[in-house]
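Trainee: A predicted structure for the sequence below; I have some questions about it.
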Amino acid sequence: EDQVTQSPEALRLQEGESSSLNCSYTVSGLRGLFWYRQDPGKGPEFLFTLYSAGEEKEKERLKATLTKKESFLHITAPKPEDSATYLCAAPETGGFKTIFGAGTRLFVKA
Amino acid sequence: DAGVTQSPTHLIKTRGQHVTLRCSPISGHKSVSWYQQVLGQGPQFIFQYYEKEERGRGNFPDRFSARQFPNYSSELNVNALLLGDSALYLCASSRGGALPSEAFFGQGTRLTVV
């Protein structure tokens, strides 16, 4: 069964303390791995799409990387405004149903 | 440019009632997907429509149905509401096409069933 699993469930950082979020997947023939940011009570906001192992994408303090089994979202020198839930998602094997992980809730303290 | 718009933003319904949620995609996007999100969980896929045809269905009962109109807007219908249907319902639009592409979400409709 296709699955997307994120860890940790929650992460508390001090401002400036870099860290990484993990997203592991068991989808065969990956046709895209998506990262989103979600603020409380709002819809997810698109961040990145990765398609092949070794690919990297960057945006401000965020960098997403992809291997054959997992993706990482690296956060460098985070600020309190980076506090949010980060979601990863992938389309099911051979179909268009998108499977989301449960998310990592990031808290950055000033 | 307008993003994805959903209406209403909040809704309170009684068990057994029916509800219709509406979504307008980003201009030029031909695909609309619907998700249910409960607190503390990731969005759960309900449907995807592309060019007015259903292209994907999640593990939801037949009480859930949807359709897409010629202008690519979409409706999600839920019949015989249960307390467990209380959730944030999200609509996402994407370009569509042969391969999955990134989705852009609306602000959601918060449905409360009492």
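Mentor: Now that the structure is in, tell me what you want to look at.

Trainee: can you list the residues of chain B near chain A?
Mentor: B:4, B:33, B:35, B:40-45, B:48, B:50, B:55-58, B:88, B:90, B:92, B:99-108, B:110 (CB under 8 Å from any CB of the partner chain). Any C-beta I mention is one placed from the backbone N, CA and C, and that applies to glycine too.

Trainee: pretty sure residue B:84 sits in a helix.
Mentor: Yes - checked against DSSP: H, G, I helix; E, B strand; the rest coil, residue B:84 lies within a helix.

Trainee: which pLDDT value belongs to it?
Mentor: Note on residue B:84: pLDDT of 97.

Trainee: residue contacts, it?
Mentor: residue B:113 (CB atoms under 8 Å, 6 or more residues apart in numbering or on different chains).

Trainee: can you give me the end-to-end span of stretch A:25-42?
Mentor: 25 Å (CA to CA, to the nearest Å).

Trainee: next, the buried residues of the worst-scoring helix or strand of chain B on mean pLDDT.
Mentor: Sorted by mean pLDDT, DSSP states H and E, the helices and strands of chain B end with strand B:53-57, the least confident at a mean of 93. By 16 or more other CB atoms under 10 Å in any protein chain shown, the buried positions in strand B:53-57 come out as B:55-56.

Trainee: over to stretch A:1-21?
Mentor: Buried-residue list, stretch A:1-21, by 16+ other CB under 10 Å: A:4, A:6, A:11, A:13, A:21.

Trainee: and stretch A:48-65, does that touch chain B?
Mentor: Yes - Stretch A:48-65 reaches chain B (CB under 8 Å from any CB) through residue A:49.

Trainee: what does the least confident helix or strand of chain B rub up against?
Mentor: The contact list for strand B:53-57 (CB under 8 Å, 6+ apart) reads A:95-98, B:31, B:33, B:45-49, B:66, B:68.

Trainee: can I have the buried ones of those as a PyMOL selection?
Mentor: Remark: buried members of the contacts of strand B:53-57, expressed as a PyMOL selection using 16+ other CB under 10 Å:
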select buried, (chain A and resi 96+97+98) or (chain B and resi 31+33+45+46+47+48+49+66+68)
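
Trainee: pipe the contacts of strand B:53-57 into CSV and attach pLDDT per row.
Mentor: Listed next are the contacts of strand B:53-57 as CSV, based on pLDDT from 0 to 100:
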residue, pLDDT
A:95, 87
A:96, 88
A:97, 91
A:98, 93
B:31, 95
B:33, 96
B:45, 97
B:46, 97
B:47, 95
B:48, 95
B:49, 95
B:66, 98
B:68, 97
